[in-house]
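Undergrad: With the input below, show me the fold.
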Amino acid sequence: MSTTTLSSNESIPSKKKKIIVLGSGPNRIGQGIEFDYCCVHGLLAIKECGYEAIMVNCNPETVSTDFDMADKLYFEPVYWEHLWEIIELEKPDGVIVQLGGQTALKLARKLTKKGIPIIGTSFDNMDIAEDRGRFSDMLKELKIPYPEYGTAFTADEAIEVAKKVGFPVLVRPSYVLGGQRMRIVINDDELEKAVVSLLKHIPDNKILIDHFLDRCQEAEIDGIFDGDDFHVMGVMEHIEPAGIHSGDSNAVLPAFNLTPLVVTTMEYYAEKIARALDIRGLINIQFAIKNDKVYVIEANPRASRTTPFIAKAYQIPYLNIATKVMLGAAKLKDFTMEKNMQGFAIKEPVFSFNKFPNVNKELGPEMKSTGEAIRFIKDLRDPYFRTLYKEKSMYLSK
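TA: Numbering: from 1, shown residues only. Modelled structure (predicted):
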């Protein structure tokens, strides 16, 4: 009978070239099972490119943690302490953070400091998109419209910024998941309470104060950039007006009520941003449209929750393509990406309020849905769509 000592290690590293994929950890609001789709297709693409695919995730409900999906699975929390031990042992050629949502993306800074290659977009360029202040400065240089904004570190500074940009304002921290602690406020008292609460729960965080574009349309684009060419995976228009978190909105693919000029402008701005950030792989960009003017709200330099939705709707292996682009193993011109969907696809948010009866059910900029479903309709006369759109129109007319 043999015994296992604390110093033993059952993981024997191979001599093959390796890529580590970081998952999103446990399912949670703002980051759920949709990122598992991204990780699974990423693992398959890594194998196809001749690398050993290593998965780091700790969610037993996911396909990415099936024992035969990756070449090697580390069923560990997606935290730095665990990841660093794995990296020291495996010595990978790089780590992919674009497929595991915000949890994976947050580890990019420490990976860069340790000299570990990040596959795809560099940390600094991802940081520009994540840091609301830096991102708005970039948009200003690119001459892309965005809501007036300012940054603050205290309640007094926030009030001064709000006076400059004008109420109502959206108060939000940088580097957060699912719109955590975002608030729309209409006066100094509400602003002070929101900032004090934010700093209490997220100390030392830079606070961004945006002018809130009330009663406008919201839309988003998911795209892939390979350094030369930009491909728009999909343009989705939200049924709910701006102010409802994108994860909580019903959204229609393709856009159904935006003019061709607005859609073309969105695509032009999306490519401009992807080039400025030197994206390699995936990017998601959120837009607000008011009086036919397109404003950029934010950019996510990673797979978004809607990336799997668009891939399934159009039946195009976008995650496989994007991973190969990240690895530098292929260019967009190497793939045929013909969109053959008939009619429209609607993204339906899924809520679990029945399991959390004391949670405030009113929707706003902080995400509350726990997942999403897909519904296909032949045309805009579909009763389900007409009911959704009528509710939106009633809201906007208030």
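Undergrad: Touching, residue 233 and residue 224? I think so.
TA: Yes. With contact defined as Cβ atoms under 8 Å, residue 233 counts as touching residue 224 (6.5 Å). For glycine as for every other residue, the C-beta is placed from the backbone atoms N, C-alpha and C.
Undergrad: what touches both of the two?
TA: Counting by Cβ atoms under 8 Å, 6 or more residues apart in numbering, the common neighbours of residue 233 and residue 224 are residue 318.
Undergrad: State the number of residues packed around residue 93.
TA: Residues contacting residue 93 under the criterion other Cβ atoms under 10 Å number 16.
Undergrad: do residue 354 as well
TA: Using other Cβ under 10 Å, residue 354 has 6 neighbouring residues.
Undergrad: now residue 299
TA: Residue 299, neighbours per other Cβ under 10 Å, totals 26.
Undergrad: Kindly report the same for residue 184.
TA: Neighbours of residue 184 (other Cβ under 10 Å): 20.
Undergrad: what's the neighbour count on residue 341?
TA: 16.
Undergrad: Low-confidence stretches in the stretch 101-250 of the chain?
TA: 174-181 (pLDDT under 70).
Undergrad: Show me the strands in it, by range?
TA: 149-152, 169-173, 183-185, 207-211, 217-225, 230-238 (DSSP state E, counting those that start in this stretch).
Undergrad: Of all these, which one comes closest to residue 254?
TA: strand 230-238 (5.5 Å; Cβ to Cβ).
Undergrad: Adjacent strands (with direction) for the closest one?
TA: With DSSP bridges as the test, strand 230-238 is paired with strand 217-225 (antiparallel), strand 251-253 (antiparallel).
Undergrad: With distance to residue 75 as added columns, please give the ones you listed in JSON lines.
TA: What follows is the strands paired with strand 230-238, written out as JSON lines (distance: least, Cβ to Cβ, whole Å):
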{"stretch": "strand 217-225", "distance to residue 75": "30"}
{"stretch": "strand 251-253", "distance to residue 75": "33"}
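Undergrad: Let's have those strands in a markdown table, adding distance to residue 92 and mean neighbour count.
TA: Listed next are these as a markdown table, based on distance: least, Cβ to Cβ, whole Å; neighbours: other Cβ atoms under 10 Å:
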| stretch | distance to residue 92 | mean neighbour count |
| --- | --- | --- |
| strand 217-225 | 23 | 25 |
| strand 251-253 | 35 | 24 |
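Undergrad: For residue 96, which of the ones you listed is the nearest?
TA: Here strand 217-225 is closest among the strands paired with strand 230-238 (Cβ to Cβ), at 14.3 Å.
Undergrad: roughly how far is that closest one from the heart of the chain?
TA: 11 Å (Cα atoms, centre = their mean, to the nearest Å).
Undergrad: CA atoms only for it, dumped as PDB, please.
TA: Extracted C-alpha coordinates of strand 217-225, given in PDB (Å, rounded to 0.1, in the frame of the first residue of the first chain):
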ATOM      1  CA  GLN A 217     -31.700  53.500 -28.200                       C
ATOM      2  CA  GLU A 218     -28.900  51.100 -27.300                       C
ATOM      3  CA  ALA A 219     -27.100  48.700 -29.600                       C
ATOM      4  CA  GLU A 220     -23.900  46.700 -29.700                       C
ATOM      5  CA  ILE A 221     -21.400  45.200 -32.100                       C
ATOM      6  CA  ASP A 222     -19.300  42.000 -31.600                       C
ATOM      7  CA  GLY A 223     -16.300  41.900 -33.900                       C
ATOM      8  CA  ILE A 224     -12.900  40.200 -34.600                       C
ATOM      9  CA  PHE A 225      -9.800  42.000 -35.700                       C
END
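Undergrad: so where do the helices sit in the chain?
TA: 34-48, 80-90, 101-105, 108-113, 123-130, 132-142, 155-165, 188-201, 260-276, 306-314, 318-327, 383-396 (DSSP state H).
Undergrad: okay, those helices in CSV with distance to residue 375 and mean neighbour count next?
TA: Shown next, in CSV, are these (distance: least, Cβ to Cβ, whole Å; neighbours: other Cβ under 10 Å):
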stretch, distance to residue 375, mean neighbour count
helix 34-48, 16, 24
helix 80-90, 38, 15
helix 101-105, 23, 25
helix 108-113, 35, 17
helix 123-130, 30, 20
helix 132-142, 33, 17
helix 155-165, 38, 17
helix 188-201, 35, 16
helix 260-276, 22, 18
helix 306-314, 10, 22
helix 318-327, 20, 26
helix 383-396, 7, 13
